[in-house]
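*Asks:* Here's a sequence, model it:
(one chain, ligands or ions: 2)
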Amino acid sequence: MRELALTPLFADMHIHIGGTESGRPVKITASRQMTLHRILEEASERKGIEVIGIIDAHVPEVQAELTELIERKRADQLADGGIRYKQTTLLLGSEVEVKEPGRGEAHFLCYLPSLKEMQQFTTWLAARCKNVTLSSQRIACTTYELQVYIDQLGGVVIPAHIFTPHKGLYGSCTDRLAEVADPALICAVELGLSANTVMADQISELHDKTFLTNSDAHSLGKIGREYQSIALAEANFREWKAMLLRQDGRTVLANYGLHPRLGKYHQTVCQACQSPLPLEWVERCPQCGKKAVVRGVAERISQLADVAQGVHPPFRPAYVEQYPLEFLPGIGPKRREQLYRAFGTEMNILHRADEESLAAVVGEGIAEVIIQARTGRLEVQAGGAGLYGRIGNKQ
Ligand SMILES: [Zn+2]
Ligand SMILES: [Zn+2]
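*Replies:* Ligands and ions are numbered 1, 2, ... in the order given. Purely as a prediction, here's the structure:
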């Protein structure tokens, strides 16, 4: 048998639409600059991300925009699922919220092969939620029902940002997957911005799951703040799904994610006075006395952990701590523009350009910061209760 030729591609599978071209809001908290067209341009021409998941593709007006792109031959519908635009393949996704009785809310990412299945899903969704033109809507069904329906359509359901205190499956809804879902229908989970592979593999029931690191971008600049390198034979939905199941060598080659301490919910912090709190759960803040403590992802994982740190399944790829340009000290919009002009895409700047050529464009100091970011040598102050961590230079 001939070996399959696989290509490494960058993928970011959780990108929100802020608004439609006609100006209607989709994800209320996302920037209105996040239109379908601008996302596609940013991913293809600026960030250099070859596979993206548009997670608001259930919105009828977004579907109409996609249909128009295809009819005007500016994008191609792929036979094996997904839509090709310039250098990037768009996969159709939808984020929904499920709340079962007696449990907190959890978010799920549903991906479907093509517009046809997504339109079917929209009809199903419309019967179960208030407003199908908006993002991340609460739907009246159980997680299990959602899984079975999406599976019938040939799609996959992936629990989103699983550890976050607000709306993550472990963060707010359950201690064990099997309590709410069919674990066999979960082939992958999204780590979210405050956890990495070392943390997540402390939970044994995640050892057979593929880990995804996605940006959950609410603005154009944040596309690709987390992403993965994946090996596919071709960029389309069928290949991507086979990759989640790790079939015939298709796999995640590396997860590129924020340093977990940079994430907004890494440590337990009181939202009222911003004091970081110890690992033992307290309801009331010992500093200011208010009941505003937001449990951090690190604490939640330590509660659920049943495997020693450092034990991983053999297929688990490296988690490369990644500092997007936007987070780096001393690199504002003007410098970023210079870098893009010189090196094309952010992936080129972060991964490929050498220190000398970087220094020729932005000077030695900044070039050094970019190289330090590439090799994980920056110091990070932990984030929590909705505030990002901060980067300082390590001496
Ligand atoms: Zn979410
Ligand atoms: Zn989201």
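*Asks:* Is stretch 199-215 positioned near ligand 2?
*Replies:* No - applying Cβ under 5 Å from the ion, one finds stretch 199-215 out of contact with ligand 2, separated by at least 8.6 Å. Bear in mind the C-beta positions are built from the backbone N, C-alpha and C, glycine included.
*Asks:* Give me the buried positions along that stretch.
*Replies:* 199-203, 206, 209-215 (16 or more other Cβ atoms under 10 Å).
*Asks:* which two in these are spaced the farthest apart?
*Replies:* 202 and 215 (24.1 Å; Cβ to Cβ).
*Asks:* Within range of ligand 2, give me the residues from the chain.
*Replies:* Proximity of the chain to ligand 2 is confined to 95, 216 under the rule Cβ under 5 Å from the ion.
*Asks:* redo that, cut-off 6 Å
*Replies:* Residues of the chain found near ligand 2 (Cβ under 6 Å from the ion) are 14, 16, 55, 95, 216.
*Asks:* picking up where we left off before, closest one to ligand 1 out of the buried residues of stretch 199-215, please.
*Replies:* Using Cβ to the ion, residue 214 comes nearest to ligand 1 of the buried residues of stretch 199-215, at 10.3 Å.
*Asks:* helix/strand/coil for the closest one?
*Replies:* Three-state assignment for residue 214 (DSSP: H, G, I helix; E, B strand; the rest coil): coil.
*Asks:* Spatially nearest residue to it, not counting backbone neighbours?
*Replies:* Leaving aside its chain neighbours, residue 214 sits nearest to residue 14 (3.6 Å; criterion: Cβ to Cβ, 6 or more residues apart in numbering).
*Asks:* ok, now residue 248?
*Replies:* Setting aside the residues directly before and after it, residue 248 is nearest to residue 4 in space (Cβ to Cβ, 6+ apart), at 5.6 Å.
*Asks:* for residue 10, same thing?
*Replies:* residue 49 (4.8 Å).
*Asks:* what do you get for residue 153?
*Replies:* Counting by Cβ to Cβ, 6+ apart, the nearest residue to residue 153 once its immediate chain neighbours are dropped is residue 117, at 4.5 Å.
*Asks:* Residue 151 is in contact with that neighbour, correct?
*Replies:* No - between residue 117 and residue 151 there is no contact under Cβ atoms under 8 Å: 11.5 Å.
*Asks:* Go ahead and flag the most central residue of the chain.
*Replies:* Computing the C-alpha centroid of the chain and ranking residues by Cα atoms, centre = their mean puts residue 214 first, at 1.9 Å.
*Asks:* gap between that one and residue 207?
*Replies:* 20 Å (Cβ to Cβ, to the nearest Å).
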